[in-house]
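[1] Would you be able to build a 3D model of this:
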Amino acid sequence: HISVKIDGAPAIVWGTHPENGKFFVSTKSAFNKKKIKVCYTKRDVIQHFGHQENVALILINCLKYLPKTEGVFQGDFIGFGGQDAYKPNTITYEFRDVVEENIIIAPHTYYTGDCPLYEMEAHPLMGDLCETDQCKFVQPFVDRVHKNISTPQIDPDYFEFLTVKEATVAKQQINQLIREGKQLHECDLIYILGSLKLANLYMMVVEMKHEIMEDLIVYSCPVSFIGDQKVNQEGFVMSTEYGMIKLVDREQFSYANFTQGRFQ
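    Just a heads-up that it's a prediction; the model follows:
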């Protein structure tokens with residue numbers, strides 16, 4: 001299964017609480033083990049999020065306009081109705097028409113388990129949620145054109161991989177190059193990773209990732225822009241037998257995120 005990564009903010013968690021059967025809204029703070037922030041009423045929203053005026057306003061409207069569905073869901077908030085273009089974070093989303101619904105959310109995950117919220121199991125949302133006159137759900141469909149290309153066979157014993165500490169430092173150095181708008185070259189990676197073999201592996205994985213993303217066709221999604229440049233979404237999430245794999249154009253989206261978005 002492949003889904004589109006929507007660049008919304010903040011993350012919204014909502015649904016029927018498994019422990020009391022009440023409808024609630026929250027951010028990812030709903031999954032805290034200690035300071036759990038679950039909102040059943042407007043008063044709860046003000047109590048937990050009153051110090052974050054924008055978040056509180058969004059949650060109050062979500063409490064009012066989200067459909068009272070069974071189960072627990074998570075999605076990204078895109079904006080309030082009344083416009084045809086929205087920029088919740090780094091990417092601007094352009095809809096075909098002015099959105100008439102009150103709120104716009106891109107759902108992507110549902111949770112299962114008869115247990116506290118922080119113990120529930122997350123699953124990628126495969127089907128569509130039913131939207132209403134008050135709530136618009138952005139739920140793109142992704143198709144893939146499969147090519148008959150053999151997958152490279154990689155022997156992990158051939159490589160001397162970095163330790164966790166070394167990998168953390170390497171990631172910071174790679175992020176710095178991206179932040180500066182510099183293209184990653186093999187010589188840079190050899191210096192950062194300390195190995196020609198790892199540098200070649202890194203570049204090969206990047207190439208494989210881009211080949212997969214080029215094979216993807218997206219339907220039912222607003223047109224995405226970074227500045228004036230049309231882009232093929234923030235990225236994608238593939239759910240496989242090995243887990244969830246995120247596919248993002250690091251040199252394009254991460255650069256914009258570092259310089260324009262939340263990390264600037």
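
[2] gap between Lys35 and Ser26?
    Separation of Lys35 from Ser26 (C-beta to C-beta, to the nearest Å) stands at 12 Å. Bear in mind the C-beta positions are built from the backbone N, C-alpha and C, glycine included.

[3] the more surrounded of these two?
    For Lys35 against Ser26, the residue with the higher neighbour count under other C-beta atoms under 10 Å is Ser26, and the figures read 28 against 7.

[4] isn't that one right up against Val38?
    Yes - with contacts counted by C-beta atoms under 8 Å, Ser26 reaches Val38, the gap being 5.3 Å.

[5] what about the residue lying closest to Thr16 once chain neighbours are set aside, helix or strand, and which?
    Using C-beta to C-beta, 6 or more residues apart in numbering and skipping residues adjacent in sequence, the residue nearest Thr16 is Glu70, 5.3 Å away. For Glu70, there is no host helix or strand (DSSP states H and E).

[6] what's the neighbour count on Glu70?
    Other residues close to Glu70 by other C-beta under 10 Å number 9.

[7] swap in Phe49?
    22.

[8] now do Lys5
    The local packing count at Lys5 equals 19, with neighbours defined by other C-beta under 10 Å.

[9] list the contacts for it?
    Lys5 makes contact with His108, Gln233, Glu234, Gly235, Phe236, Val237, Lys246, Val248, according to C-beta atoms under 8 Å, 6 or more residues apart in numbering.

[10] Which single one of these is nearest to Ile192?
    Distances from the contacts of Lys5 to Ile192 were compared by C-beta to C-beta; the smallest belongs to Val248, at 19.2 Å.

[11] What's the local residue count around the residue nearest to Ala85 when sequence neighbours are not counted?
    Using C-beta to C-beta, 6+ apart and skipping residues adjacent in sequence, the residue nearest Ala85 is Glu94, 4.7 Å away. Residues near Glu94, counting by other C-beta under 10 Å, number 14.

[12] Repeat that for Cys187.
    For Cys187, the number of neighbouring residues by other C-beta under 10 Å comes to 10.

[13] Mind listing what's buried along stretch 167-176?
    If you call a residue buried by 16 or more other C-beta atoms under 10 Å, then stretch 167-176 has these buried ones: Ala170, Ile174.
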